[in-house]
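K.L.:
Based on what follows, work out the 3D shape:
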Amino acid sequence: MNYLDKFLKEQTPKIKAIIPQASYLVFLDCREMGLSHEQLVNFFVNQCGLALNEGTTFGKEGEGFMRMNIGCPRPTLEKVLQQLKLAYDKQMSDK
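P.N.:
Numbers count the residues shown, from 1 in each chain. The predicted structure follows:
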């Protein structure tokens, strides 16, 4: 959790982790990216190459959020976060 939180704060500041108290399922608050729901899903699926749960699965309040499962080995998480960073940097430079 600490690794994820630190990485997001330093590398993708418009995506914030909502750290759970007792789980490895982390909500990512992506609202500062300024993307519609469809654009956000497209960003994660097509640009990052990641399959996350859409926040809207949990109700309208979940709009702008994605849920990530980080219950995996550290090298897998590092790879995923690098994919996210590359897509994030491109997305932010295109705006």
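K.L.:
Quick check: phi and psi at residue 52.
P.N.:
phi -110, psi 170 (degrees, to the nearest 10).
K.L.:
Now for it, how many residues are close by?
P.N.:
20 (other Cβ atoms under 10 Å). Heads up, the C-betas are built off the backbone N, CA and C, glycines and all.
K.L.:
Next, work out how far apart it and residue 94 are.
P.N.:
Per Cβ to Cβ, to the nearest Å, residue 52 is found 21 Å from residue 94.
K.L.:
which strands and helices sit next to the helix or strand where residue 7 lies?
P.N.:
Under the criterion DSSP states H and E, the helix or strand holding residue 7 is helix 2-11. Applying 3 or more Cβ pairs under 8 Å, 6 or more residues apart in numbering; DSSP states H and E, one finds that helix 2-11 contacts strand 16-18, helix 74-94.
K.L.:
Mind exporting the C-alpha coordinates of it to CSV?
P.N.:
This file holds the C-alpha atoms of helix 2-11, laid out as CSV (Å, rounded to 0.1, in the frame of the first residue of the first chain):
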residue,chain,number,x,y,z
ASN,A,2,2.8,2.4,0.9
TYR,A,3,4.6,1.7,-2.4
LEU,A,4,1.4,2.4,-4.4
ASP,A,5,0.5,5.5,-2.5
LYS,A,6,4.0,7.0,-2.8
PHE,A,7,4.3,6.2,-6.5
LEU,A,8,0.9,7.8,-7.3
LYS,A,9,1.7,10.9,-5.3
GLU,A,10,5.1,11.3,-7.0
GLN,A,11,4.4,10.1,-10.5
